[in-house]
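Trainee: Got a predicted model here, sequence first, then my questions.
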Amino acid sequence: MTTSCPAVSLPVTPPALGDAHRWKVLAVGVAANASFSAAANGMPTTAIWLRSGYHLSNTELGVALGAMGLGVALTELPWGMATDRWGDRPVLLTGLLGTMLALLALLLWITPAGGTVPPLWALAAGLALVGVLGGSVNGASGRAVMRWFGTGERGFAMSIRQTAVPLGGGLGALILPSLASRYGFMPVFGALALVCGLSAFFTWRWMHEPDFSAEAATAPQNASTGLIGVKPAPPLQGPLKNRKVWRLVAAIGLLCVPQFAVLSYATVFLHDHGHLGLAAITAVMVALQAGAMVMRIWSGRHTDRHANRPAYLRGSSLVALASFVLLGCIAWTDAPGWLLMAAVVAAGIAVSAWHGVAYTELATEAGGANAGTALGMANTAVYVGLFLTPMAIPHLLAASSWPVVWWLAGLVALCTWPLFPRAQGSGEIR
């Protein structure tokens with residue numbers, strides 16, 4: 001039994017920049033996350049062409065798709081700790097510019113050209129380096145949102161930031177498969193490098209630290225945030241020693257596994273099992289990401305209004321379970337293509353709607369001064385899942401079938417139900 005830590009009030013928007021500046025900070029966070037998500041979640045939508053262009057087996061494809069997740073998993077916690085120490089701006093600039101350079105290196109030296117196919121190890125190493133550098137955007141942008149927005153807006157703002165993941169993935173699904181199928185992977189890596197460079201420019205222009213000076217502390221309270229002029233509460237227990245933080249981290253990491261199963265192999269499932277073409281597959285992935293964006297924003301606003309984040313998160317586990325059981329059952333039958341498409345979209349949305357709510361709950365529990373570290377812990381768990389899930393699915397397929405893959409993904413979602421906290425007011429997490 002662990003006693004809940006006291007709530008913390010975080011000082012936010014500095015008067016010097018104006019109350020509206022927090023929305024620019026949020027826009028930078030969205031742009032930075034969308035840029036990296038276009039690579040992390042967009043590249044799997046090119047799986048069919050990655051497999052053929054680099055002459056990969058399904059198992060080797062899993063290694064390539066998981067490499068970026070491994071890179072992020074290895075560095076998320078260090079990036080989060082660096083953010084807490086040095087601030088959001090330098091970490092975001094370093095990560096975005098480094099990611100752009102890594103993608104340009106892939107473009108120049110690790111793409112099939114002139115009959116020459118780069119080896120798997122080179123492709124995996126290049127994608128892992130993209131993950132190492134791109135992982136910086138997660139904790140840094142999340143910490144910025146937590147510091148600039150008050151408690152009445154924080155879930156909504158964090159959920160908007162989390163829409164960047166399906167936004168980037170959706171844009172990737174819309175653009176990257178077409179580029180890969182028609183022109184190969186040089187324009188794929190070039191397009192991803194371009195968006196990282198643009199995000200770095202906006203970070204340089206707008207991302208600043210909140211002003212916690214004495215002048216800001218004596219400023220009148222802001223009506224929208226409710227926090228200007230409020231002195232910071234005493235520091236909370238460090239996130240690395242907080243059991244509630246660790247349980248939230250485990251729940252977030254596990255609930256991302258079924259999400260990554262869809263994002264990594266839905267295109268292969270629809271192509272190999274459903275015999276669908278490029279247009280249908282692209283439509284499914286774009287609809288999935290668009291639906292996830294809408295549901296993340298709704299979820300953040302809903303839980304802000306009703307103060308029910310724990311109950312919402314536990315319910316999300318059960319909704320995800322039901323959606324994957326249904327997807328497995330449809331895959332088990334000789335279902336028409338449109339029904340497969342609808343089931344994939346429904347499962348993908350169901351297992352993607354909860355992110356902003358969970359990250360808000362985690363960062364609130366950790367406190368503003370430790371938000372970067374806590375978010376780094378969660379993203380380490382998330383990207384361990386991104387690394388392992390694509391590698392495990394080919395072996396599950398070899399030993400069973402697609403319905404079993406989806407049913408097991410639902411079982412993983414169910415395992416997160418007891419890890420999320422019970423409804424507020426219980427005073428403890430059981």
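Mentor: Structure received. Residues are numbered from 1 along each chain as shown.
Trainee: Mind checking the pLDDT average for stretch 344-362?
Mentor: What stretch 344-362 shows for mean pLDDT is 91.
Trainee: first to last residue in it, what's the distance?
Mentor: Counting by Cα to Cα, to the nearest Å, you get 28 Å between the two ends of stretch 344-362.
Trainee: Flag every buried residue along the strand or helix carrying residue 388.
Mentor: Assigned by DSSP states H and E, residue 388 belongs to helix 371-399. Residues of helix 371-399 classed as buried by neighbour count (16 or more other Cβ atoms under 10 Å): 371-394, 397. All C-beta atoms are positioned from the backbone trio N, CA, C, and that covers glycine.
Trainee: next one: it to chain centre, how far?
Mentor: Averaging C-alpha positions (Cα atoms, centre = their mean, to the nearest Å) puts helix 371-399 11 Å from its chain's average.
Trainee: which other helices and strands contact that helix?
Mentor: Here helix 371-399 touches helix 58-86, helix 136-148, helix 243-268, helix 355-366, helix 402-415, going by 3 or more Cβ pairs under 8 Å, 6 or more residues apart in numbering; DSSP states H and E.
Trainee: Just say which of those is most tucked in.
Mentor: helix 136-148 (a mean of 31; mean count of other Cβ atoms under 10 Å).
Trainee: Rounded mean pLDDT for it, please.
Mentor: Averaging pLDDT residue by residue across helix 136-148 gives 76.
Trainee: what's the angle from the helix holding residue 388 to helix 355-366?
Mentor: 140 degrees (axes from the mean of the first three to the mean of the last three Cα atoms, to 10 degrees).
Trainee: What sits closest to residue 175 if chain neighbours are left out?
Mentor: Nearest non-adjacent residue to residue 175, counting by Cβ to Cβ, 6 or more residues apart in numbering: residue 191, 6.5 Å away.
Trainee: so how many other residues sit close to residue 335?
Mentor: 16 (other Cβ atoms under 10 Å).
Trainee: could you measure the residue nearest to residue 175 against residue 364, distance?
Mentor: To residue 364, residue 191 is 36 Å away according to Cβ to Cβ, to the nearest Å.
Trainee: Please apply the same query to residue 143.
Mentor: Noted for residue 143: a distance of 12 Å to residue 364, by Cβ to Cβ.
Trainee: try residue 81
Mentor: Distance, residue 81 to residue 364, by Cβ to Cβ: 19 Å.
Trainee: and if you look at residue 180?
Mentor: Using Cβ to Cβ, we find residue 180 at a distance of 40 Å from residue 364.
Trainee: So which of the helices and strands packed on helix 371-399 is nearest residue 317?
Mentor: Closest approach to residue 317 among the helices and strands packed on helix 371-399 is made by helix 402-415 (5.5 Å; Cβ to Cβ).
Trainee: what's that closest one packed up against?
Mentor: helix 243-268, helix 309-332, helix 371-399.
Trainee: between the second one and helix 243-268, what angle do the directions make?
Mentor: By that I understand helix 309-332. Using the same axes, to 10 degrees: helix 309-332 against helix 243-268 is 30 degrees.
Trainee: for the record, mean pLDDT for helix 309-332?
Mentor: Computed over helix 309-332, the mean pLDDT rounds to 94.
Trainee: buried ones in the next helix or strand after that helix?
Mentor: Once the chain leaves helix 309-332, the next helix or strand it forms, by DSSP H and E, is helix 337-350. Within helix 337-350, the residues scored as buried using 16+ other Cβ under 10 Å are 340, 341, 342, 343, 344, 345, 346, 347, 348, 349, 350.
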